[in-house]
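Peer 1: Return atomic coordinates for the entry below.
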Amino acid sequence: MGIIIAIIIFGLIVTVHEFGHFICAKLSKVNVLEFSVGMGPKIIQKKKGETMYSLRLLPVGGYCAMEGEDEDSDDPHSFRSAKLWKRMVILVAGAGMNFILGFIAIVIMMSMLGSVPTTEISGFSAVELEDGTLERRAESYDTGLKHNDVFYKIDGTHIFSMLDLNCILLTSPTNVHDVTVIRDGKKTEIKNVNFGDASGNAIDFGLVHAEKTPLNIISGSGKMFMSMGHIVEMSLKQLISGQAKKEDVSGPVGVVTAINETTQESENTKEAVFNIVYMTALITINIGIFNLLPIPGLDGGRLIFCFIELIRRKPVKPEHEGYVHLAGMLLLFGIMIFATYNDIVRLITGGNNL
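Peer 2: Next up, the predicted model:
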């Protein structure tokens, strides 16, 4: 059941992305030759107007093929005949729809919580002594933090939500950080704050939780959205800098497996739904950001050529641009094959790569 749910989620994310391209192309009077959900052999297809709608066997992608997208065309409704700003909107629309889906998923998550977490400190870890009194045992309090401080930055990284705090404090190799907080309405920088309590927990403080109102849910969802963008950004930086191991690279098989495991490990239905919605939000935001990277073959790579056209006042020859995107697609397919290999090895070895 978990695998079926995972495949449906992955298909939804891809469909939403391609629908963004599709609807903006239609609104811009650009002919869409085919709108496909999935890759590989066709299962179902139906033509309406100039567009062929198809469902394909492998739920690992999809595409929105437009007239004159990669070649010259005399059709006045081809992609290259559209105004430059319309082409740019069409290209950005896929990622935009991913972001909208991600935000909606986060709003659903926030609505499932009893209250909305903030980044304001409500208190610090304490231990109960033999006489029944409580003694504060929080290193962060001893090294400078106070009640009602609102986290603003840690080591230069902006803190939007509790997710940022968890990501930084629970994954960092050190417990000592430079922290900027909002204290009495002013930004206050505190050097060398040491996080930790008597039990060895890196998070030695509690956070204020706001009342669950529509305004707080929307505000909290926006902050959580920014935090998920941070996670994707940090992952990309680790991958580019070499901090992330090549064995950590994962593809569609790994994503489906992760969602399936999350579903199976949840203690009850509500927790399973919450975790699935969380992963849906994180994955769709990840895909949206990745597609905007200036890599040939991706939407971001095509946007680069639009900017070149904007500067040169004339487009790059379609065949030349096509060669660049072909090279990018071959590279991306190579990465996907490598990532899929990693996923399969993890499945066979139970998580241990060869």
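
Peer 1: all helices of the stretch 1-150 of the chain, in order?
Peer 2: For the stretch 1-150 of the chain, the helices defined by DSSP state H, counting those that start in this stretch occupy 2-27, 84-112, 139-142.

Peer 1: Nearest approach to Ile289 belongs to which of these?
Peer 2: Of all the helices of the stretch 1-150 of the chain, it is helix 84-112 that lies closest to Ile289, at 7.2 Å by Cβ to Cβ. Heads up, the C-betas are built off the backbone N, CA and C, glycines and all.

Peer 1: quick one, the closest one and helix 2-27 angle?
Peer 2: Angle of helix 84-112 versus helix 2-27, following axes from the mean of the first three to the mean of the last three Cα atoms, to 10 degrees, is 140 degrees.

Peer 1: List the contacts of the closest residue to Leu91 other than its chain neighbours.
Peer 2: Ranked by Cβ to Cβ, 6 or more residues apart in numbering and with sequence neighbours excluded, the top spatial neighbour of Leu91 is Asp299, at 4.8 Å. Contacts for Asp299 were tallied using Cβ atoms under 8 Å, 6 or more residues apart in numbering; they are Leu91, Val92, Gly94, Ala95, Asn291, Leu292.

Peer 1: and Asp299, how far is that from Gly61?
Peer 2: Going from Asp299 to Gly61 by Cβ to Cβ, to the nearest Å gives 13 Å.

Peer 1: With Met97 instead?
Peer 2: 15 Å.

Peer 1: who's more crowded, those two?
Peer 2: Between Met97 and Gly61, counted using other Cβ atoms under 10 Å, Met97 has the larger neighbour count: 23 against 18.

Peer 1: That one and Thr15 touch, don't they?
Peer 2: No - with contact defined as Cβ atoms under 8 Å, Met97 does not count as touching Thr15 (9.3 Å).

Peer 1: Low-confidence stretches in the stretch 1-150 of the chain?
Peer 2: Judged by pLDDT under 70, the stretch 1-150 of the chain has its weakly predicted residues at 1-2, 60, 128-134.

Peer 1: Let me see the ranges of the strands in the stretch 201-350 of the chain.
Peer 2: In the stretch 201-350 of the chain, the strands defined using DSSP state E, counting those that start in this stretch lie at 205-210.

Peer 1: mind listing what Gly38 touches?
Peer 2: Gly11, Val14, Leu55, Arg56, Leu57, Leu58, Pro59, Val60, Gly61, Gly62.

Peer 1: in the sheet, who's paired with the closest residue to it other than its chain neighbours?
Peer 2: The spatial neighbour of Gly38 that comes closest, neighbours along the chain excluded (Cβ to Cβ, 6+ apart), is Arg56 at 3.5 Å. On the basis of DSSP bridges, Arg56 is bridged to Lys42.

Peer 1: I figured Arg56 hits Phe35, correct?
Peer 2: No - contact between Arg56 and Phe35 fails when scored by Cβ under 8 Å: they sit 11.2 Å apart.

Peer 1: between the two, which one's more packed in?
Peer 2: Counted by other Cβ under 10 Å, Arg56 and Phe35 do not tie: Phe35 has more neighbours, with 23 against 19.

Peer 1: what about the more buried one, distance to Ala65?
Peer 2: Distance of Phe35 to Ala65, given as Cβ to Cβ: 8 Å.

Peer 1: Can you show me the helices along the stretch 201-350 of the chain?
Peer 2: Listed in chain order, the helices of the stretch 201-350 of the chain (DSSP H, counting those that start in this stretch) span residues 214-241, 252-265, 269-291, 299-312, 318-349.

Peer 1: Tell me which of those helices sits nearest to Lys186.
Peer 2: Of all the helices of the stretch 201-350 of the chain, helix 214-241 sits nearest to Lys186, with 20.6 Å by Cβ to Cβ.

Peer 1: just checking, what packs against the closest one?
Peer 2: Using 3 or more Cβ pairs under 8 Å, 6 or more residues apart in numbering; DSSP states H and E, the elements in contact with helix 214-241 are helix 84-112, strand 116-124, strand 157-158, helix 162-171, helix 269-291.

Peer 1: now for these, which one comes closest to Glu211?
Peer 2: For the helices and strands packed on helix 214-241, the distance to Glu211 is smallest for strand 116-124, at 7.4 Å, taking Cβ to Cβ.
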